[in-house]
Structures are given as C-alpha cells and as structure tokens.
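Q: heads up, no residue letters with this:
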C-alpha cells in the first residue's frame, strides 16, 4: 500500500473523523499511523528513525485511552529508554488505538503539518517489507502523536494580587516580603521570597492554596476560591497555571 492508498484507506473508513482528530492539530506537531497486529515489533525502529530526523523531542510518553497491546508497547518503550510520564505538559509522545472495520496490509505513514510523509526509505523500507512478509492483513491501527517542543518558561518579574475580583496590587518578585489580605470570607497571607510567591496561611477550609507549590514562572497562578483570591505571576511569557 503506497502512501496515497494509505490515506485513501483511512479517509474511506467510517472511523475517519475520529482517526484524524487524534492528535488534534493544536496539540501535536506530527502523527504516525501504524497498521500492524504487533506494533511493538516495528514501532521502536520507526521511532529511532524519527528521532534522527528531528521529529521527536524528548522521551516522556503516555497512552491516550486503552490499547490492547499497551503492556507490550510499554515494555518495548521502557527498554529503549522512554519514560512513562502520565498526562503532563511535558509529554513528547502519546499512543492511541483505533480498530479498523476493514483489515489492511501492514503499513505506516507520517502526517506532518497536514502533509503525508512516506517513511519507507532506507532502513524503514526494509522494515516495511519484513512487516508484509511476516504478517497478514491487520485491523489494528496505532496512532503515535509527537508533541511540539514547549519553550522553556521564563521566570516571572512580579506578582499581581486580585481580591474579590478586583486588582489589589502588584508586587515585585525581587523583594522578599509577607503580605496579608482581608477578604469577604476571611483572610489569606502570602510570602514572596527568592523570586517565588506562596500562600503561608489561609482561612479556607481545605487549605489547597496553602499546599500548592510556590509560583514563580510567568503565567502561573495561585487561586483560593473560598477567599475569592487570585495571584498571577507576570512576565514576558505565559504558560501553565497552578491552581489551588
């Protein structure tokens, strides 16, 4: 099956809409579509080649939903130095499974920036030939999604405090200080030390904000919903939030 036939096969499948939504374009840079009953036999070689081509950045991986061969895939990835990291922002690879309603010859192709890339050259060409010699038609489709590298978050410059929905003040992260804020539902006390902001004490019941990690990167937040309190870290780049 050549790459055009491969794409026509996927688009003709009743599952096409769900297949092409994994990964979503805003989440992933590229995606590998692998038709094989035993993807663990061929995936490591394909991933190694994609690393050489600069498609893969980093080694954390996770499964996006159940996979019938998750145990085997996990074992081969861990053996090759990958690290299972759960659903985090630092993921480099996610694996998903879709059953095909119509079996097809074993094959694989890469979708990058909306374009189909034929990988079956050099070593991977030999791998594709071996897959077709060893295996009959398969109804197992494994989708390996490769995340775009995330720029390293910049440290924040200041912390802005909102109380009861109103901006209260902006504090420099360069000055160590402790501040206390009265709210409609109680009180909250924060500390800024060594460029990091954290909640020292809060009148809220569960103390989630108090147990949250210090915030120091641009875009991070600390939230205390019962006290209607919000602290945001300001800076040149905005990324993940930390909520409590």
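A: Sure, I can see it. Small disclaimer: the values here were computed from a predicted structure and weren't measured.
Q: all helices for the chain, in order.
A: Along the chain, counting by DSSP state H, helices occupy 3-12, 16-19, 39-52, 70-79, 122-134, 208-211.
Q: between the ones you listed, which one is closest to residue 143.
A: Between residue 143 and the helices of the chain, the shortest separation by Cβ to Cβ is 7.1 Å, and it involves helix 16-19. The way it works is simple: take the backbone N, C-alpha and C, and place the C-beta from them, glycine included.
Q: the residue lying closest to residue 172 once chain neighbours are set aside bridge partners, please.
A: Spatial nearest neighbour of residue 172, excluding adjacent residues (Cβ to Cβ, 6 or more residues apart in numbering): residue 158 at 5.3 Å. For residue 158, the beta-bridge partners are residue 172, residue 234 (DSSP bridges).
Q: again with residue 104
A: residue 138.
Q: surely it meets residue 137?
A: Yes. Using Cβ atoms under 8 Å, residue 104 is in contact with residue 137, at 5.9 Å.
Q: look at the two and report which has more neighbours.
A: Counted by other Cβ atoms under 10 Å, residue 104 and residue 137 do not tie: residue 104 has more neighbours, with 18 against 13.
Q: distance of that one from residue 38?
A: Residue 104 sits 15 Å away from residue 38, taking Cβ to Cβ, to the nearest Å as the criterion.
Q: same question for residue 96.
A: Applying Cβ to Cβ, the value for residue 96 to residue 38 is 17 Å.
Q: now the terminal residues of stretch 199-214, how far apart.
A: End-to-end distance of stretch 199-214 (Cα to Cα, to the nearest Å): 8 Å.
Q: now do stretch 173-187
A: Stretch 173-187 has an end-to-end distance of 22 Å (criterion: Cα to Cα).
Q: please pull out the lowest mean pLDDT helix or strand from the protein.
A: Least confident helix or strand, the chain: helix 16-19 with a mean of 40, by mean pLDDT, DSSP states H and E.
Q: so where's this protein shaky on pLDDT?
A: Residue ranges of the chain with pLDDT under 70: 1-29, 86-89, 114, 135, 149-153, 237-244.
Q: which ones are touching residue 160?
A: If you count contacts by Cβ atoms under 8 Å, 6 or more residues apart in numbering, residue 160 has them with 167, 169-171, 231-232, 234.
Q: please apply the same query to residue 232.
A: 159-160, 162, 219-221.
Q: among the helices of the chain, which comes closest to residue 191?
A: Residue 191 lies closest to helix 208-211 among the helices of the chain, at 11.1 Å (Cβ to Cβ).
Q: mind listing what's buried in the closest one?
A: 208-210 (16 or more other Cβ atoms under 10 Å).
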